[in-house]
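Undergrad: my questions concern the predicted model and sequence given below.
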Amino acid sequence: MPSIRETILAALHARLQTLAVSVLRGEVLPERIPATGLIILRDGKPGDPEVTLSPLTYFYEHRAELEVVIQAGTGRDALFDALTADIGAALAADRTLGGLCDWVEAEAPEPVDLPIDGAAALKAAVITIVLHYATNDPLT
């Protein structure tokens, strides 16, 4: 049986797969970026939980990361903006991931333009997704 953490990350991955873009989990950045863009979900860090003792409960603000990449010769900014807006809309459609989380929220991206020799430039950013959830055991 998967842990609560893994169940939530899998649900986040499934939620992002509703977008019209390739969504990978824990993969290496491929050599070719699809025309619609690419998102790679990284598991991130659960951080130090708040703990209550009666009943024993660990409250996490797990910080998963989305690597968002667009490659285009022109219109990169508009494509990137549309993709980040789509991510926001997908998260807003179900802030609890079907009741698995108390709340899901994204932090604003800090995009960078990356020139590529002999190819269209990339626009990329890491978007932190904060997953608020509770469990009675940090390993389950």
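TA: Okay, I see it.

Undergrad: now do the contacts for Thr135.
TA: Contacts of Thr135 were listed using Cβ atoms under 8 Å, 6 or more residues apart in numbering, and they are 3-5, 57-58, 60. The C-beta positions use only the backbone N, C-alpha and C, and glycine is treated the same way.

Undergrad: next, it: phi, psi?
TA: The phi/psi pair for Thr135 (degrees, to the nearest 10) reads phi -150, psi 160.

Undergrad: sorry, back to before: in strands only, show me the contacts of Thr135.
TA: Applying DSSP state E to these, the entries found in strands are 57-58, 60.

Undergrad: most neighbours among the residues you listed, which one is it?
TA: Tallying neighbours with other Cβ atoms under 10 Å puts Tyr60 at the head of these, with 23 neighbours.

Undergrad: which member of the contacts of Thr135 is positioned nearest Ile39?
TA: Closest to Ile39 out of these is Arg5 (19.7 Å), distances taken as Cβ to Cβ.

Undergrad: shouldn't that closest one be in contact with Gly44?
TA: No: if you go by Cβ atoms under 8 Å, Arg5 and Gly44 don't touch, sitting 10.1 Å apart.

Undergrad: which residues in the protein form strands?
TA: Applying DSSP E to the chain gives strands spanning 22-25, 38-45, 50-53, 56-71, 103-106, 112-116, 119-135.

Undergrad: quick one: residues contacting Ala124.
TA: By Cβ under 8 Å, 6+ apart, the neighbours of Ala124 are 67-70, 111-112, 114.

Undergrad: same check, this time on Pro30
TA: So Pro30 contacts Leu38 (Cβ under 8 Å, 6+ apart).

Undergrad: again, only using 10 Å
TA: When contacts are counted by Cβ atoms under 10 Å, 6 or more residues apart in numbering, Pro30 touches 22, 24, 38, 40, 69.
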